[in-house]
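Q: Build the 3D model from these lines:
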Amino acid sequence: MSAGPSLRQRILLVFAAACLGGLAILAGSGALALARGGSPAQVLLTAAIPAGFGLLGLAVLLWRLADERLARPADRLAAALRARAHGGPQAPLDPARARDLGDLAPAAAALAEQLNEARDGVARAVETRTEALSLKAGTLAALVSDVPVGLIVAGPAHQIVFYNTPARRMLSGTGQPRLGRPVFDLLRESPIRRAYDRLRATGTHDDDDDLLVSTTGDGRALAAHIRLIRRDLGMTHDQPGYVLTLRDVTAELAVHRDRDRLLRDMADRLGAPAAALRSQIGAAPVPSLPPGLVAAAQDMEDAIDAAIRDCDGAWRGSWPLRDIRAAELADGLVALLGADGPAVTADPPALLLRCDGGALAELLAALAREAEDRAAARDLRLEIAGTGAGAEIRLGWTGAAMAPRLLQAVLDRPLEAAAGAFSAREILERHATAISCGQDGGGRAWLSLPLASARPLPAPPAPQTAIPARDAVYDFDLLAQGDHADIDATPLSRLTCVIFDTETTGLAPHGGDEIVQIAALRVVNGRLVPGEEIDQLVDPGRPIPPGATRIHGITDAMVAGAPGIAEAGAQLHRFARRAVLVAHNAPFDMAFLHRHAAEIGAEFDNPVLDTVLISAVLFGPGEAHTLDALAARLGVALPGAVRHTAAGDARATAGVFLRMIPMLEARGLVTFGDLLDAMARNTRLAREIAARSRP
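A: Predicted coordinates for the structure are as follows:
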């Protein structure tokens, strides 16, 4: 309880002072006017002028007094209460900062103390309840991380929500997996999307499939198993997430391919002499033949044929063929050709084709492009027809037939998009088929590809009202999120952010100073992602001034041999792809990155948030907005040992930013667009604050 006057008494004193002061000014002005004498009009005018100035001065004085003693302390007290209500700092509230508000400040301090105690009690209860669960979750995470196959869990917008250590190693030649990023940054889109769309369309519990997919960077071949995560695991929309199990089969496919070529080469070398020997034996007089020679020649030919059949069988056993709908093959062909490729029409029948649909679609796309370029093909059409136990795939067009030599060149050319970079001929061999070309009498040319196995599409199963439960249940928040394509409408708590900081040789980004350290952290779904971070020294290409070293502790010897800004900046650009950049006094850091965009080879065109400007929106001009002040105000640890290191300042900025999000939401600033509008309304104020907030 405050020992001085109450807030009501203080307001009464202000009004009393205003009344008494006004009366005193009027009395003094009247006395001065009467003393000077003159007509009544002159007396009134003489009294009015000093009275007006006196009242104006009194109003300014009382306004300054009320602003300093009442309004500003009230704003500070409100900001402190909002920080404790939504941001979570635990430090006691100092009533002395608002002592002129009477008992309001001690009451607010007591309320804040009780709030802290209540939070501590809830935290202790939650900690007690979750200790066992945390142990189990940690054990499960460790086990899953060491599973010998790669695991990736993707959300409904194909964004990564989980990956394990083998997956990270398997994809290292393409780039590191990052939470919230599309899986298609790492793996080819078309095979995964085709399998996903087909499984999603079935609407049954039979929701898994095998496929062959390659990485987008180094083209490694991966055998993948995809399983949808249906509503029994918490899905509330029509686009479920899915689990990808990955196994690197690049070496296996290469070994199979080399073995196949070796066996075929041996068969070719042995087959011709064996056939010639048998021909000579057949032409020789029977009495002159040694006993058993005819049988030996026949056995040799049979052995060679068996080796070839074994080779084909081994290949077909290792190549992932599955039943796909004829319509899926046609859709895949149209998708691969795209808007810039030749237009192909199709009316596929209700057939299931046993094949690698992705590889055949890419082969047909290559043939369609070649027909358009070399044979002036028009009106291309894909026709698929059943032929008993198999099917015939025919690509026809109006125009000249494809020359056999041209067809052979296409078949020998590697399909770069195919997993393992196999040639079209090898893909045909794995399907035990070949392509023939021809032209009918009506001016239509065609290419024909028979398949050995096909069957009618079965009737769709009756919809099930319940889906059998599974043993494993996942509860990842990202699985319930859709695609936030419009970032302005994205909630602040759902943004994927990269919080970063730099240390430099000085404070002149356009005056020759350079970056000496970059640190960055990723925030996904309102949480820091453990392990997804950058802490990189950078060679500035110039001496570091002693004054800068005294601040951040980085010397010329420490950056010797470190990557330059081109490599370090490119690393940050890859790390921050598809994310919002967040920094304290962001224009300072961004100026260095923009200046070196040409060397880095990429523009940093990400959306940017500045914690200085956010602080200006929340706390106004009456408060300090340095990183130290924000950390102290919001209860974020900022040890002196890591202050003015890029990693320490980035982590402190992340803590400040995450604690400001619920404060912004409490003020009605829920989405990214809401916050941008609020900062735009405070542009001038924000610029002034930012100019003095770089520590």
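Q: Report the contact partners of the residue lying closest to R227 once chain neighbours are set aside.
A: The shortest distance from R227 to any non-neighbouring residue, by C-beta to C-beta, 6 or more residues apart in numbering, is to D208 (4.0 Å). In short, each C-beta sits where N, CA and C put it, glycine included. Residues in contact with D208 (C-beta atoms under 8 Å, 6 or more residues apart in numbering) are L199, H225, I226, R227, L228.
Q: And D208, how far from H158?
A: Distance from D208 to H158, counting by C-beta to C-beta, to the nearest Å: 17 Å.
Q: ok, back up a step: look at the residue nearest to R227 and report its pLDDT.
A: For D208, the pLDDT comes out at 76.
Q: my read: A586 touches D610, true?
A: Yes. A586 lies in contact with D610 (C-beta atoms under 8 Å); the separation is 4.1 Å.
Q: And for A17, the neighbour number?
A: Residues within reach of A17, counting by other C-beta atoms under 10 Å, total 14.
Q: do the one 3 residues further on as well
A: Burial of L20, expressed as a neighbour count using other C-beta under 10 Å, amounts to 11.
Q: so what pLDDT did it get?
A: L20 is given a pLDDT of 80.
Q: What is the helix or strand that A59 is a member of packed up against?
A: Using DSSP states H and E, A59 sits within helix 40-66. Packing partners of helix 40-66 (3 or more C-beta pairs under 8 Å, 6 or more residues apart in numbering; DSSP states H and E): helix 7-36.
Q: Output the contacting helices and strands for the helix it packs on.
A: Using 3+ C-beta pairs under 8 Å, 6+ apart: helix 7-36 touches helix 40-66.
Q: Just the mean pLDDT for the helix or strand that the helix it packs on is followed by, thanks.
A: Note on helix 40-66: by DSSP H and E, the next helix or strand toward the C-terminus is helix 72-82. Averaging pLDDT along helix 72-82 gives 72.
Q: Measure how helix 72-82 sits relative to helix 40-66, angle-wise.
A: 30 degrees (axes from the mean of the first three to the mean of the last three C-alpha atoms, to 10 degrees).
Q: pLDDT score for A654?
A: 95.
Q: who's in contact with it?
A: Here A654 is in contact with I499, L521, V523, L528, V582 (C-beta under 8 Å, 6+ apart).
Q: which one of the contacts of D208 is nearest A83?
A: L228 (43.5 Å; C-beta to C-beta).
Q: what's around the closest one, how many residues?
A: Counted with other C-beta under 10 Å, L228 comes out at 21.
Q: Sticking with it, tell me its helix or strand.
A: strand 221-229.
Q: and that strand, what does it pack onto?
A: helix 189-202, strand 208-214, strand 241-248, helix 250-283.
Q: so how far is G569 from the nearest residue to H594 once chain neighbours are set aside?
A: Distances taken as C-beta to C-beta, 6+ apart place F604 nearest to H594, at 6.6 Å, with adjacent residues excluded. The gap separating F604 from G569 is 8 Å, by C-beta to C-beta.
Q: Residues in contact with both of the two, list them for me.
A: Contacts common to F604 and G569, judged by C-beta under 8 Å, 6+ apart, are L593.
Q: Counting neighbours, go ahead and name the busier of the two.
A: A direct count of neighbours by other C-beta under 10 Å for F604 and G569 places G569 higher, at 24 against 17.
Q: Tell me if P543 really is in a strand.
A: No. Using DSSP: H, G, I helix; E, B strand; the rest coil, the assignment for P543 is coil, not a strand.
Q: From T505, how far off is the residue lying closest to it once chain neighbours are set aside?
A: Spatially, and ignoring its direct neighbours in sequence, P543 is nearest to D556 (6.0 Å; C-beta to C-beta, 6+ apart). Per C-beta to C-beta, D556 is found 10 Å from T505.
Q: One more: L65?
A: When L65 is compared with T505 (using C-beta to C-beta), they lie 47 Å apart.
Q: between those two, which one's more packed in?
A: T505 (21 against 13).
Q: out of everything not next to it in sequence, what's closest to the more buried one?
A: Sequence neighbours aside, D513 is the residue nearest to T505 in space, at 4.6 Å (criterion: C-beta to C-beta, 6+ apart).
Q: Now name the helix or strand holding the one you found.
A: With DSSP H and E as criterion, D513 is part of no helix or strand.
Q: On the pLDDT front, check it for me.
A: 92.
Q: Now the phi/psi pair for it, please.
A: Dihedral angles of D513 (phi, psi; degrees, to the nearest 10) stand at phi -70, psi 160.
Q: Pull the contacting residues for I554.
A: E503, V516, Q517, L537, I544, A548.
Q: and the gap between it and A579?
A: 26 Å.
Q: And the helices in the stretch 551-695 of the chain?
A: Listed in chain order, the helices of the stretch 551-695 of the chain (DSSP state H, counting those that start in this stretch) span 556-559, 565-575, 586-595, 597-600, 611-619, 627-634, 646-666, 672-680, 683-691.
Q: which stretch in these is the model least sure about?
A: Among these, helix 683-691 scores lowest, with a mean of 56.
Q: neighbours of G531, just the number please.
A: With other C-beta under 10 Å as criterion, G531 counts 9.
Q: sorry, that was for A666
A: A666: 14 neighbours (other C-beta under 10 Å).
Q: can you check the one 4 residues further on too?
A: For V670, the tally of surrounding residues (other C-beta under 10 Å) stands at 17.
Q: ok, it touching R494?
A: No. Using C-beta under 8 Å, V670 makes no contact with R494, being 10.2 Å away.
Q: returning to that earlier point: between the contacts of A654, which is nearest C355?
A: V523 (44.3 Å).
Q: That closest one should be in a strand, yeah?
A: Yes. Counting by three-state DSSP, V523 falls inside a strand.
Q: For it, give me its contacts.
A: L495, T496, C497, V498, I499, V529, V582, A654, F657, L658.
Q: What of A570?
A: I600, G601, A602 are the contacts of A570 under C-beta under 8 Å, 6+ apart.
Q: Can I get the buried part of those as one PyMOL selection?
A: Of the contacts of A570, the buried ones can be selected in PyMOL as follows, counting by 16 or more other C-beta atoms under 10 Å:
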select buried, resi 600+602
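Q: Surely A678 and L669 touch.
A: Yes. Contact status for A678 versus L669: in contact at 5.5 Å, counting by C-beta under 8 Å.
Q: neighbour count winner among these two?
A: Neighbours per residue, other C-beta under 10 Å: of A678 and L669, the larger number sits with L669, 22 against 18.
Q: Give the residues shared as contacts by A678 and L669.
A: V617.
Q: before we move on, back to that, please identify the one among the contacts of V523 that lies nearest to A48.
A: F657 (57.0 Å).
Q: any idea how far that closest one lies from A631?
A: F657 is 11 Å from A631, where distance means C-beta to C-beta.
Q: Who are the contact partners of the residue nearest to H594?
A: So F604 contacts H573, A576, L581, M590, L593, H594, A597 (C-beta under 8 Å, 6+ apart).
Q: what's the closest non-adjacent residue to the fifth one?
A: What it means is L593. F604 (4.8 Å).
Q: Any chance of the backbone angles for that neighbour?
A: phi -90, psi 80.
Q: end to end, how far does stretch 435-452 reach?
A: Counting by C-alpha to C-alpha, to the nearest Å, you get 13 Å between the two ends of stretch 435-452.
Q: which residues touch it?
A: Contacts of stretch 435-452 (C-beta under 8 Å, 6+ apart): 353-355, 360, 364, 367, 371, 375, 377, 387, 389-402, 404, 407, 411, 428, 431-434.
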